[in-house]
Structures are given as structure tokens and as C-alpha cells.
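In: I'd like to go over a predicted model; first the sequence, then the structure.
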Amino acid sequence: MNPYDLLPRFKAQYDANSQEFSISGVVRPQAIDELGPSIALLRDAIGRVRGVLYVNVRRLTQMNNAAFHAFSRIILDACRARPDLKFIVITSSVVGWTSRKFGRLSGIEPNITVEEYDSEFYPGQGFLEEGGFVPILRTQTKMTWRHERAILPRHGMRPGIVMADICCGIGDFAVLVQKEFQPSRIVALDHSRSSLAYARNVAAEFDIKGIEYTYGDASEMLLEENQFDLVTCRHSLQVFNKPELILRELFRICKPGGRVYITNEKNSHCLGEPRADSIQWTYNEVAKLWAHFQMDIELGPKSKRYLTEAGLEDIRVESFMVTNHDGDPQDFADVIAAWENVYAGEMATKRGDTPAFIRRFRQGFQDHIFAALHSKGYAGWPIWVASGRKPL
Amino acid sequence: MGTVHHHLAGESAFEPMIQIDMEIKAFVSAWKHCDYVSTYMARMVSRNRSDSVRHSNLFSSAFNELLEVAFRTRHADGELACRVSRHGATDRIELTFPCVPEERQFYEQAVSLVAGSEVRERYLNSVSGDLAPSREVVLLELAMDYNATLRVEEADGDAIKLVVDLPLEGLH
């Protein structure tokens, strides 16, 4: 039998707690009979719910017209039979056709509304990925690349591989990888349209070919399973409130025998001399601040646990320290100034911190900058690198 | 609505990208061939689009519907030819497949309806109606949801060629 026949092509589920019917995968039946159990499940769900039934098609990658008509028919009939019932169809901004196609239904029955799911479900990311943070992201990548270019080959990077960089941000890591290691293909995914636009502009300006920048949600990617030799996800698990959902996707798209590579921080271990105590206090507070917004900037040393629990094997973990001695100390200082701006600015304000707290909070960043620029000073920012192999 | 008012670009401007030919008998021997062919060709032609994954998903979605139309042909012999070419932001699918004279007439009529002014109404009536979707609806939906432009061209023998222009790169 062809392995294709063994793959479950789609899945329908009903969650009574959230009154949500969801259907995911590729739904391309030849005859409606093939949908029998799913249709029965939807009918049953409609019979049970009161008020609202959510129809979740966020992970529906394909659905042919025959199937669309069959499911629509049931929903439209239910609208007529039960005017008390409302349907909210949740589509994905990533799957281009779903909002257009399902959106037609609201034009037929006003009790059907269509809502496009987007990134707002990730509580803290908005602070970090839009607007003015771009220059500092470039500087950060420049600083970490000095270390990672030597580290990456120990984690599966080599010429000719097919790789994915998930949560690629402004795409600069992908560009550096392409220049240094010449993979045969790089797919770089992010769900910030502004970051991708920046990445595409850079690629066009510098005539960089071979990197496919794509819009997507890292926890629910359109990318097919088992297709990448190396899947990288840098400084991103720490930003998500449910990193295990991302890891499940990284694992899924990785080839058996390929590796998933992650980098993360433990910000409370940022350090500096002189003024070590003030610096340490502030970075301990950074960890608490991130936790308040459901992000874990302390994730780095937990990498082995996360990778193991994701089902990966042959876990390799190492760490490196970005310091003011690596290159231009001003680069280090600029990064810290940007952190201060976001953490002691928008984030602390949003948490409702007092002016006295914010003053002390800022002082630690200023002391870190002082240490970085001091002729006898030392300033450090530790990063944890980890990778695991997907079992054959 | 802005669906069917594009002008077809000149023939010479379209650069061929990929073509798959197969016996119609082989093609209709398994339904999943529609999915295979649409997924494979979508992946191949989307690599150098600004968002390859999104483009591939959209292209596969539209192309699969066309292949499902061809799959239901009542003519048992001949060749299926799928050809994709490109001009700027538009990808052109040329799908040639054998059909009986009544089917040819049906497609010509259906395509003329797609070019008409009541596409949206026809489509919504069809979705809200009780009958299973016809092949006409599939073509209407391509115009509605993918801003496709369609026409029918002469083909050799008992065959028809559907020419569908898909401006997916600019679809938001």
C-alpha cells in the first residue's frame, strides 16, 4: 500500500466545553459518503449546543467544493431551523482561501460570522516584533552569529541541506546561514508581516536568492511534515506562552534523522562588572516581568527537557556568552539600551509599575551599559543552544 | 466585486513552467490523482513566489478543483494535459482533457456565465441551494475566491482546453 493511503488526511473533533467543532487537514473527498462520521459529528454538535457553536477551520489546509458544500449545507440548514443559534467560523489568516470561502456564508445567513484568527493570542510578542526594534534585532544577530557560526555544524548544519528557520523575524539569520553554509533551500517563516516585508526587501536589495520567506503561525504551520534536515527556531520559544505547541510543529516538519535546533536565554544570568549587584537585580526583575506577560526569558537551561518531551533524541546542549569583548562594545551597549527602552518602558508601564521601581529597573540597564563601555569592564549575555534528532 | 474583469495577457508573454501529461484512463483510475497532481505542481511553481507556502496552498486549492472537473469527464479515451505558465503575477493553467460534445457545450456555457455580471448571485444561490455543487459552481468559485479569469479554447479531437488565469500573487 502506498504510504499516502495510511496518512490520516483530515480530522474532525467536537469539544463540548468550548462548544467548538473543528476540522483540520486535507478534505478532498470524491463522494460525500466519505465524510459521513464528520458530518454526523457536526449534526450532533449542533443538536447539543446553546447560543453559539464555534466552527474552527484554522488548521484546514484544503477542502474541495464538494466537502465545503456538504458542511455549509448543514450549517445553513441549522440557521434556518434554529434562529436562536449563532455560528462563529474561526479561519486562519495564514490559509489564504478560508476567510474568502467561508466568508460567503455570512452573506447568506446573518447568524454566521467569520473571524480570522491572528497573532493576538500570543500575549507578549507585540512588544518585541513591530516597528523600532528592527535595528537592534540586526545587532543582536550579528553578535550571536560570531558564536553560532562555529556551533551550528555540531548541530546538523552543513552545505546542501534543506532547512527551515521558524520565527525568522527579519530574516537576517537565514541570510547569514545561506552565505556561510549554502543549504540547498531555506524556508523562513514568521507571523509578523512587517518583519517579513523587511526581510524580502533586504533579499531583493542584496539580490539574495534561495530563501523563501513565508507568512505563518509557528504553532500551526502549513508546511508539510518530514521535509527539513534542520529546523531552527531561535530566541522564540521563550516568547510563546505555550512553547510545547511550537516544538510539536518543529518536530513534525523535521525529517526523521534531521535535527531541531533552538536557542534561548536565561536573562537573570546576564552579568557585568563593575556594578554587578545592580545589574543582577534588574535582570532578575526582567525575568519576573516576562513571566507576567506569560513569556519565559529563563527558558534556556530548560531546553533539554523541552526537546526530550517533544520526542527528540541525541539531545546536545551548549551555551555561549555574548560579551562586550566580542566586537564593538558599543553594539553591546546599543542592545542593552534597546532592552531598557522596551522592558522599562512599554512593558513595565503596561504592568503598572511605580515610577520608583522603573527608576531602579532602568539603573541596572544603565549599569550594564556602563560595564560594557568601561575600559576595564565586562558585560555578558548568556545564550543556550540545544538540538535534538528526530527518531528514524 | 472585481473578479472577472481582467484582461488576458498576450499569449507570447506567458513563459511555460511545467507540464504533466497522462492517459485519462490512468488519471481517472484513482481520485487521489487530483490531489497528487495539484499538490505537486503547486509546490513546483510556487518556489519563487514572494510567499511560496501561501501561494502553493492557494494554487493547489484552485487547481485541484479543475482537476476534479476533468476527473468527472464522460469520455473514456485520450490524454490529460496540465500545463502551467507565468506572466508576472499571474499563473496560467491550461487543462486539456477529452470530453463528449455535450460536455463541451456545457463548459462553453459555464465559462460564459463566469464572465457575466451575476457571478456572485449565482454562486451564493448555489451554495445556499440544496443540490450538490455542479461543475459550473466550481468555475464560478474560481472567479469569486481566486479572481480567476476563464476561457475555453479549441483542442484537437474530442477534447477541450480550459484556460484559467490565476493572479494569486496579488490576492489578499
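Out: All right, it came through fine.
In: ranges for the strands of chain B?
Out: Ranges of strands in chain B, per DSSP state E, are B:15-23, B:79-87, B:90-98, B:149-154, B:159-166.
In: likewise chain A?
Out: Using DSSP E, strands in chain A cover A:10-15, A:20-27, A:52-56, A:60-63, A:86-92, A:112-117, A:162-166, A:185-190, A:211-215, A:228-234, A:254-265, A:271-273, A:313-323, A:378-389.
In: possible to save these as TSV with mean neighbour count and mean pLDDT?
Out: C-beta here means a position set from N, CA and C on the backbone, and glycine is covered the same way. Formatted as TSV, the strands of chain A follow (neighbours: other CB atoms under 10 Å in any protein chain shown; pLDDT from 0 to 100):
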stretch	mean neighbour count	mean pLDDT
strand A:10-15	16	93
strand A:20-27	20	93
strand A:52-56	19	94
strand A:60-63	24	93
strand A:86-92	21	92
strand A:112-117	17	88
strand A:162-166	25	97
strand A:185-190	25	95
strand A:211-215	24	92
strand A:228-234	25	98
strand A:254-265	23	98
strand A:271-273	20	97
strand A:313-323	16	98
strand A:378-389	23	98
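In: against A:Asn111, how distant is the residue lying farthest from the centre of chain A?
Out: In chain A, counting by CA atoms, centre = their mean, A:Ala81 sits farthest out from the average C-alpha position, at 41.2 Å. According to CB to CB, to the nearest Å, A:Ala81 stands 11 Å off from A:Asn111.
In: now do A:Val317
Out: Taken as CB to CB, the span from A:Val317 to A:Asn111 is 53 Å.
In: chain B: which of the strands of chain A is closest?
Out: Chain B lies closest to strand A:211-215 among those, at 4.1 Å (CB to the nearest CB).
In: what inclination does that closest one have with respect to strand A:162-166?
Out: 40 degrees (axes from the mean of the first three to the mean of the last three CA atoms, to 10 degrees).
In: would strand A:211-215 count as contacting chain B?
Out: Yes. Counting by CB under 8 Å from any CB of the partner chain, chain B is contacted by strand A:211-215 at A:Glu212, A:Tyr213, A:Thr214, A:Tyr215.
In: is B:Gln19 in a bridge, and if so with what?
Out: When assigned by DSSP bridges, B:Gln19 has beta-bridge partners B:Arg83.
In: for B:Phe97, see how far away it is.
Out: Counting by CB to CB, the gap from B:Gln19 to B:Phe97 is 14 Å.
In: of these two, which one has the most company?
Out: B:Phe97 (26 against 12; other CB atoms under 10 Å in any protein chain shown).
In: just checking, that one touches B:Arg72?
Out: No. In this structure, B:Phe97 is not within contact of B:Arg72 by CB atoms under 8 Å, at 10.0 Å.
In: got a markdown table for the strands of chain B, with distance to A:Pro382 and mean pLDDT too?
Out: Listed next are the strands of chain B as a markdown table, based on distance: least, CB to CB, whole Å; pLDDT from 0 to 100:
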| stretch | distance to A:Pro382 | mean pLDDT |
| --- | --- | --- |
| strand B:15-23 | 48 | 95 |
| strand B:79-87 | 48 | 96 |
| strand B:90-98 | 48 | 96 |
| strand B:149-154 | 57 | 91 |
| strand B:159-166 | 50 | 95 |
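In: so which bits of the stretch 151-300 of chain A are right by chain B?
Out: Counting by CB under 8 Å from any CB, the stretch 151-300 of chain A sits next to chain B at A:Val187, A:Leu189, A:Leu196, A:Arg200, A:Glu212, A:Tyr213, A:Thr214, A:Tyr215, A:Gly216, A:Leu222, A:Leu223.
In: need the residues of the stretch 1-150 of chain A near chain B, please.
Out: Checking the stretch 1-150 of chain A against chain B by CB under 8 Å from any CB, the hits are A:4, A:26, A:28, A:30, A:32, A:61-62, A:64-66, A:68-69, A:72-73, A:76, A:94-97, A:100-101, A:104-105, A:107-108.
In: mind running it again at 6 Å?
Out: The stretch 1-150 of chain A comes close to chain B at residues A:Arg28, A:Gln30, A:Gln62, A:Asn65, A:His69, A:Ser72, A:Leu76, A:Gly96, A:Trp97, A:Arg100, A:Lys101, A:Ile108, as judged by CB under 6 Å from any CB of the partner chain.
In: return the item of the residues you listed having minimum pLDDT.
Out: Least confident by pLDDT among the residues of the stretch 1-150 of chain A next to chain B: that is A:Gly96, with 79.
In: burial count for A:Ala348?
Out: 22.
In: residue contacts, it?
Out: A:Ile358 (CB atoms under 6 Å, 6 or more residues apart in numbering or on different chains).
In: what about it, distance to chain B?
Out: For A:Ala348, the distance to chain B equals 36 Å [CB to the nearest CB, to the nearest Å].
In: span of stretch B:24-32 from start to end?
Out: Using CA to CA, to the nearest Å, the end-to-end distance of stretch B:24-32 comes to 14 Å.
In: off-centre distance for stretch B:69-79?
Out: Chain-centre distance of stretch B:69-79: 15 Å, with CA atoms, centre = their mean, to the nearest Å.
In: now do the end-to-end distance for that stretch.
Out: Stretch B:69-79 has its terminal residues 15 Å apart, counting by CA to CA.
In: report the buried residues of it.
Out: B:Val69, B:Ala70, B:Phe71, B:Thr73, B:His75, B:Gly78, B:Glu79 (16 or more other CB atoms under 10 Å in any protein chain shown).
In: ok, back up a step: closest to A:Ile166 among the residues of strand A:211-215 next to chain B?
Out: Of all these, A:Ile166 sits closest to A:Thr214, with 10.1 Å by CB to CB.
In: the closest one reaches B:Ser50, doesn't it?
Out: No. Using CB atoms under 6 Å, A:Thr214 makes no contact with B:Ser50, being 9.0 Å away.
In: which residues touch residue 71?
Out: With no chain named, the answer covers chain A. Applying CB under 6 Å, 6+ apart to A:Phe71 gives no contacts.
In: ah, no, chain B please
Out: Contacts of B:Phe71 by CB under 6 Å, 6+ apart are B:Val28, B:Cys34.
In: bridging residues for the closest residue to A:Val55 other than its chain neighbours?
Out: Excluding the flanking residues, the one nearest A:Val55 by CB to CB, 6 or more residues apart in numbering or on different chains is A:Val89, at 4.6 Å. Bridge pairing for A:Val89 (DSSP bridges) gives the partners A:Val55, A:Val114.
In: contacting residues around A:Val89?
Out: A:Val55, A:Phe102, A:Val114.
In: go on, B:Asn64?
Out: B:Cys34, B:Ser38.
In: which stretches of the stretch 51-200 of chain A have low pLDDT?
Out: Scanning the stretch 51-200 of chain A for pLDDT under 70 picks out the ranges A:118-133.
In: the closest residue to B:Cys82 other than its chain neighbours and B:Cys99: what is the separation?
Out: Once flanking residues are discounted, B:Cys82 sits nearest to B:Ile20: 4.8 Å by CB to CB, 6+ apart. Going from B:Ile20 to B:Cys99 by CB to CB gives 18 Å.
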